[in-house]
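**Student:** Would you be able to build a 3D model of this:
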Amino acid sequence: MPEIFRFYGFSFFFYSREHEPLHVHVEGKGGMARFDWGGGVFVLSEMHGIKASDLKKIKDVIDENADIIVRRWEEYFGGRKEV
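**Tutor:** Numbers count the residues shown, from 1 in each chain. Have a look, this model is predicted:
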């Protein structure tokens, strides 16, 4: 499971046998979320057990680091996505 980074007690990662569309998983503090790449921004597609205040922090981290997330996906899985 390739971890991209950790912020605020949450792990941002991919599973090693992922599938399209490009997306990132986030887990921590008893909750999880998944954000799908929408071709310019990441969009929340699934969430369980994460407080609204933490979800905002997570989304901010994803938005500020979208280029890193996309680049790590490309490095690990191959293919080119537009950032």
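**Student:** can we go C-alpha only for contacts and neighbour counts from here?
**Tutor:** Fine.
**Student:** For stretch 3-13, what is the distance to the chain centroid?
**Tutor:** Remark: stretch 3-13 is offset 9 Å from the chain centroid, using CA atoms, centre = their mean, to the nearest Å.
**Student:** what do you get for stretch 25-37?
**Tutor:** 7 Å.
**Student:** For that stretch, which outside residues touch it?
**Tutor:** With contact meaning CA atoms under 8 Å, 6 or more residues apart in numbering, stretch 25-37 is reached by 9-14, 21-24, 42-50.
**Student:** Please check these and keep the buried ones.
**Tutor:** Neighbour counting with 16 or more other CA atoms under 10 Å marks 10-14, 22-24, 42-44, 47, 50 as buried within those.
**Student:** for the most centrally placed residue in the chain, helix, strand, or coil?
**Tutor:** Compute the mean C-alpha point of the chain, and by CA atoms, centre = their mean the closest residue is V24, 2.6 Å away. Taking DSSP: H, G, I helix; E, B strand; the rest coil as the rule, one finds V24 in the strand state.
**Student:** Would you confirm that it contacts E18?
**Tutor:** No. Judged on CA atoms under 8 Å, V24 makes no contact with E18 at a distance of 9.8 Å.
**Student:** Okay, helices next: where are they in this protein?
**Tutor:** 52-64, 66-77 (DSSP state H).
**Student:** Give me the buried stretch members for the last one, please.
**Tutor:** The neighbour-count check on helix 66-77 (16+ other CA under 10 Å) flags A66, D67, I69, V70, R71, R72, W73 as buried.
**Student:** residues contacting the third one?
**Tutor:** Contact analysis of I69 by CA under 8 Å, 6+ apart lists I4, V24, I62.
**Student:** where does this protein have low pLDDT?
**Tutor:** In the predicted model, the chain carries pLDDT under 70 at residues 79-83.
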